[in-house]
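Asker: Fold the stuff below for me.
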Amino acid sequence: MGERGERLAFGVRTAPVRGRNAGVEMKVMERVAECRAALEAERAAGRTVGLVPTMGALHDAHASLVSRAVAAGDAVCVSVFVNPLQFGPAEDLATYPRDLAADVRVAERWGASLVFAPPVEEIYPPGATTRVRVEGLGDVLEGASRPGHFEGVATVVTTLLSIAGPCRVYFGEKDFQQLLVVRRLVADLSLPVEVVACPTVRALDGLALSSRNLHLSGEEREAAAVLLRALQSGAAAILAGERDPGEVRALMGDIVEAEPLVELDYAEVVDASTLAVPEKLDGELRLLVAARVGRVRLIDNLGVRL
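Answerer: The predicted structure follows:
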């Protein structure tokens, strides 16, 4: 995609605006001590720190997070770490795309000055047994479909934030449940961190950007558009007066299941702060859907305010 920030009919920017610090000298680090010292030096020099945690395979959605941090005046560190703890036994850890050189180029292009790309043993030293679990928020939806996933997410995010120190940390709303889990652990552990939520970035066909999209065939990519159609239909029903979450859930599920190449995992409408299903739809809501398209599992979501 280009750099001009094209917009879709539903108002979601498809590409980030280039960070104003693009072209700054890039420093790539592998060691915890080196990263911690570099970020402490930034704060000592009077700059704020912005952390963008990623698993690599950077695309325009990641670039939008970097651009947001740069626009806030942060010295931006992008972490690139494929976290083994958040992958289940049957998931795609071995085939997850890895290209650090390309990731460094993307991070530098959009204005980051630091990349932290540690080996696994640097984040999880031999013999490490500590795990972080966020009860409630981490147990439903993705947590139910992928047991252990959010324990892995919470553990690595807590580790990265302990390395980074006082900072702003940037997450996309595409992984909405992850965003809520991170907000909760930051609050519960009294971490000196501000969690910044950034809008979902979509391709021109409406598909939420994800590194996993690379594994879709052309036909599967067309079929995957059903996820957003289902979310939009559910949102339209709510705005037209539907207040029964079961009816909205059924509507979205039927739309997804009508697409032969897509296997529905779940479709749900929940309270946007607790992920609980309300008896009657009201207030800040989030519609969420997860499905498998071929061998690729995709998630998406949409917010509705009543």
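Asker: Could you verify my assumption that Met55 touches Pro97?
Answerer: No: using CB atoms under 8 Å, Met55 is not in contact with Pro97, being 9.1 Å away. Heads up, the C-betas are built off the backbone N, CA and C, glycines and all.
Asker: So which residues of the stretch 201-306 of the chain form helices?
Answerer: All helices of the stretch 201-306 of the chain, identified by DSSP state H, counting those that start in this stretch, fall at 218-224, 226-239, 245-257.
Asker: Can you tell me what sits against the last one?
Answerer: With CB atoms under 8 Å, 6 or more residues apart in numbering as the test, helix 245-257 has contacts from 226-227, 229-231, 233-234, 237-238, 242, 262, 264, 267-270, 277-279, 281, 287, 289, 291.
Asker: Could I get the average pLDDT for it?
Answerer: Helix 245-257 shows a mean pLDDT of 98.
Asker: Sort out which residues of that helix are buried, please.
Answerer: Judged by neighbour count (16 or more other CB atoms under 10 Å), helix 245-257 contains these buried residues: Pro245, Val248, Arg249, Leu251, Met252, Gly253, Ile255, Val256.
Asker: okay, the angle between that helix and helix 226-239?
Answerer: Interaxial angle of helix 245-257 relative to helix 226-239 (axes from the mean of the first three to the mean of the last three CA atoms, to 10 degrees): 150 degrees.
Asker: how much distance is there from helix 245-257 to the middle of the chain?
Answerer: Averaging C-alpha positions (CA atoms, centre = their mean, to the nearest Å) puts helix 245-257 24 Å from its chain's average.
Asker: just the shortest one next, same as before
Answerer: Here helix 218-224 is found 22 Å from its chain centre; the criterion is CA atoms, centre = their mean.
Asker: Output the contacting helices and strands for it.
Answerer: strand 284-293 (3 or more CB pairs under 8 Å, 6 or more residues apart in numbering; DSSP states H and E).
Asker: gap between Phe116 and Leu227?
Answerer: Between Phe116 and Leu227 the computed distance is 32 Å (CB to CB, to the nearest Å).
Asker: now Leu85
Answerer: 26 Å.
Asker: ok, the two, which is more surrounded?
Answerer: Leu227 (28 against 18; other CB atoms under 10 Å).
Asker: what bridges to the nearest residue to that one once chain neighbours are set aside?
Answerer: The shortest distance from Leu227 to any residue other than its chain neighbours is 4.6 Å, reached at Asp300 (CB to CB, 6 or more residues apart in numbering). Legend: beta-bridge partners of Asp300 under DSSP bridges are Val289.
Asker: In contact with Asp300, which residues are there?
Answerer: With the criterion set at CB under 8 Å, 6+ apart, Asp300 makes contact with Lys174, Thr200, Ala208, Leu227, Leu228, Leu231, Leu288, Val289.
Asker: and of the helices of the stretch 201-306 of the chain, who's closest to Arg131?
Answerer: Proximity to Arg131, assessed across the helices of the stretch 201-306 of the chain by CB to CB, is greatest for helix 226-239 (30.9 Å).
Asker: same question for that closest one, mean pLDDT?
Answerer: Mean predicted lDDT for helix 226-239 stands at 98.
Asker: likewise stretch 61-69?
Answerer: pLDDT averaged over stretch 61-69 gives 97.
Asker: about what we covered before: could the helices of the stretch 201-306 of the chain be laid out in JSON lines, adding distance to Arg105?
Answerer: Putting these into JSON lines (distance: least, CB to CB, whole Å) gives the following:
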{"stretch": "helix 218-224", "distance to Arg105": "25"}
{"stretch": "helix 226-239", "distance to Arg105": "30"}
{"stretch": "helix 245-257", "distance to Arg105": "36"}
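Asker: Which of those helices sits closest to Met29?
Answerer: helix 218-224 (35.6 Å).
Asker: What are the contacting residues of that closest one?
Answerer: Asp205, Leu207, Asn213, Leu216, Glu259, Pro260, Leu261, Val262, Val293, Gly294, Val296, Leu298.
Asker: change it to 6 Å
Answerer: If you take CB atoms under 6 Å, 6 or more residues apart in numbering as the criterion, helix 218-224 is touched by Leu207, Glu259, Leu261, Val262, Val293, Gly294, Leu298.
Asker: Looking at Met55 and Pro97, which has the bigger crowd around it?
Answerer: Met55 (19 against 16).
Asker: I appreciate the help and will end here.
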